[in-house]
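S.K.: pasting the sequence and the predicted coordinates here, then a few questions.
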Amino acid sequence: MTLLRGDALSAAFDHGSAAYDRLVAASPGYHAHLRRSARRLGLPDGGRGLRVLDLGCGTGASTAALLASAPYARITGVDASAGMLERAATKSWP
Ligand SMILES: C[S@@+](CC[C@H](N)C(=O)[O-])C[C@H]1O[C@@H](n2cnc3c(N)ncnc32)[C@H](O)[C@@H]1O
């Protein structure tokens, strides 16, 4: 097993970013589990007045799950991979 860190980890996600959404779509329950995890945060009142940090947001799958649970929160996605963020940026966000 190879442990990737720092630039090597970002480069690996950059490389995989084009296929990432298709990969997780083929993973049964991936999005449902993200949504369940987001609900379990128990953010009150749809997230009104809250700021939420999605650290390692990737292409935005976890961000979308947070948004579904807390549509009024101000959600910031952060990721070390420019490629993953570029994919996220092609999507429609409120
Ligand atoms: C398995 S993906 C998950 C992406 C997204 N949250 C999702 O649910 O599909 C992990 C993400 O974390 C990012 N990541 C890993 N370590 C990081 C770090 N130290 N700082 C910022 N992003 C990081 C990677 O670039 C990658 O996009």
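M.R.: Right, received. Where do you want to start?
S.K.: please enumerate the helices of this protein.
M.R.: 6-25, 30-40, 61-69, 82-89 (DSSP state H).
S.K.: of these, which stretch is the most buried?
M.R.: Neighbour counts (mean count of other CB atoms under 10 Å) averaged over each of the helices of the chain peak at helix 61-69, with a mean of 20. C-beta here means a position set from N, CA and C on the backbone, and glycine is covered the same way.
S.K.: if you look at it, does any of it touch the ligand?
M.R.: Yes: counting by CB under 6 Å from any ligand atom, the ligand is contacted by helix 61-69 at 61, 62.
S.K.: and the chain, which residues reach the ligand?
M.R.: So the chain meets the ligand at 9-10, 13, 24, 34, 55-58, 61-62, 78-81, 84 (CB under 6 Å from any ligand atom).
S.K.: what about 8 Å?
M.R.: 9-10, 13, 17, 20, 24, 30, 34, 54-63, 65, 78-81, 84 (CB under 8 Å from any ligand atom).
S.K.: returning to that earlier point: of all the helices of the chain, which one is nearest residue 49?
M.R.: helix 61-69 (14.9 Å; CB to CB).
S.K.: and that closest one with helix 30-40, angle?
M.R.: If you take axes from the mean of the first three to the mean of the last three CA atoms, to 10 degrees, helix 61-69 sits at 50 degrees to helix 30-40.
S.K.: run the chain-centre distance for helix 61-69.
M.R.: Computed by CA atoms, centre = their mean, to the nearest Å, the chain-centroid distance of helix 61-69 equals 7 Å.
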